[in-house]
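**Student:** need a 3D model of the following:
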Amino acid sequence: MECARMTEYMEMPEKTGVARMTYGYNLPAKHVIHTVGPIIYEKVTAKERNELVSCYRSCLQLANVYNLHSIAFCCISTGEFRFPNEEAAQIAIDTVRTYLKETNSKIQVVFNVFKDIDYDIYNKLLG
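**Tutor:** The predicted model follows:
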């Protein structure tokens with residue numbers, strides 16, 4: 001409901017790569033950070049890679065602005081949005097590592113996966 005109100009207020013769909021935060025309400029988290037990832041129609045382009053980086057960075061920046069102690073990321077843009085799983089995972093990991101190094105942020109980052117293939121990919125890449 002809160003997301004719907006934000007979208008109505010802006011009178012346009014949310015831009016790709018931008019993060020917004022709402023309350024968690026009945027979820028086990030106090031807040032939920034929302035972002036829209038790129039949709040892949042053919043081959044992945046540099047623009048779409050940069051948009052995915054922006055998704056992760058803007059979420060981390062927002063979490064730090066609100067002094068959140070942890071953040072959990074799902075696999076942004078994979079599945080229905082067709083970003084290749086392994087490439088998306090590498091971008092996610094690289095972006096988080098770079099952000100933490102550049103900012104000295106102490107935020108705890110969790111990569112939350114739903115599919116076995118994603119578990120295997122993250123396990124291999126984080127190995």
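**Student:** you'd agree Gly17 is up against Cys55?
**Tutor:** Yes. Assessed by Cβ atoms under 8 Å, Gly17 is found in contact with Cys55 at 5.2 Å. Yep, even glycine has a C-beta here, placed from its N, CA and C like the rest.
**Student:** overlap of the contact sets of the two?
**Tutor:** Residues touching both Gly17 and Cys55 by Cβ atoms under 8 Å, 6 or more residues apart in numbering: 35-37.
**Student:** quick revisit: the more surrounded of Gly17 and Cys55?
**Tutor:** The residue with more neighbours, out of Gly17 and Cys55, is Cys55; 26 against 21, by other Cβ atoms under 10 Å.
**Student:** please pull out the lowest mean pLDDT helix or strand from this structure.
**Tutor:** The helix or strand of the chain with the lowest confidence, counting by mean pLDDT, DSSP states H and E, is helix 2-10 at a mean of 51.
**Student:** next secondary structure after that helix?
**Tutor:** Of the helices and strands lying after helix 2-10 in sequence (DSSP states H and E), the nearest is strand 19-23.
**Student:** mind giving me the packing neighbours of the helix or strand following that following strand?
**Tutor:** Remark: after strand 19-23, the chain's next helix or strand is strand 31-35, criterion DSSP H and E. If you count contacts as 3 or more Cβ pairs under 8 Å, 6 or more residues apart in numbering; DSSP states H and E, strand 31-35 packs onto strand 19-23, helix 46-65.
**Student:** identify whichever of the ones you listed lies nearest to Cys75.
**Tutor:** Closest of the helices and strands packed on strand 31-35 to Cys75 is helix 46-65, at 10.5 Å (criterion: Cβ to Cβ).
**Student:** C-terminal to that closest one, what's the next element?
**Tutor:** The helix or strand immediately downstream of helix 46-65 is strand 70-73, counting by DSSP H and E.
**Student:** could you list the paired strands of that following strand along with their orientation?
**Tutor:** Strand 70-73 pairs in its sheet with strand 108-111 (parallel), by DSSP bridges.
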